[in-house]
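Visitor: sequence-free structure coming up:
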């Protein structure tokens, strides 16, 4: 069974940075694409970023382009999301997810973590 555990969330001020981590276990991590999603209060969950199995391809929602950077360390079974210049609208629970099969990066994920809260005060 796959387990994904996020960490690194917290309360920061607008303009600050955070790095989220997601540690995976239960599968050969490097065989699967990984993604980050977020859900703000009263809103649907939305795609934030994704990274291919090797890390050679990365994808971002428009909201994070130029501010967020996704990366992975397959030796550590961990995916990261570096978030810079945070805004109040980035406040949400952030989830990592693992995608085992299928095309596309914004849907079709098979396993999800429990999430980590990010709160950005203005």
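Guide: Okay, I see it. Computed from a predicted structure; not experimentally measured.
Visitor: in three-state terms, label residue 70 for me.
Guide: Counting by DSSP: H, G, I helix; E, B strand; the rest coil, the backbone at residue 70 sits in strand.
Visitor: pLDDT wise, what is it at?
Guide: What the model reports for residue 70 is a pLDDT of 98.
Visitor: and residue 103, how many neighbours?
Guide: Counted with other C-beta atoms under 10 Å, the neighbours of residue 103 add up to 7. To be clear about C-beta, it is placed using only N, CA and C from the backbone, and glycine gets the same treatment.
Visitor: name all residues that make contact with it.
Guide: Contact analysis of residue 103 by C-beta atoms under 8 Å, 6 or more residues apart in numbering lists nothing.
Visitor: residues contacting the residue sitting furthest away from the middle of the chain?
Guide: Each residue of the chain has a distance to the centre, and by C-alpha atoms, centre = their mean the biggest one is for residue 122: 22.4 Å. By C-beta under 8 Å, 6+ apart, residue 122 lies in contact with 13, 14, 87, 88.
Visitor: which of those fall within strands?
Guide: Restricting those to those inside strands, with DSSP state E as the criterion, leaves residue 13.
Visitor: if you skip the residues just before and after it, what's nearest to residue 68?
Guide: With C-beta to C-beta, 6 or more residues apart in numbering as the criterion, residue 68 has its nearest non-adjacent residue at 5.2 Å, and that residue is residue 83.
Visitor: and the pLDDT for that neighbour?
Guide: If you check residue 83, the pLDDT there is 98.
Visitor: count the neighbours of it for me.
Guide: The number of residues packed near residue 83 is 27, by other C-beta under 10 Å.
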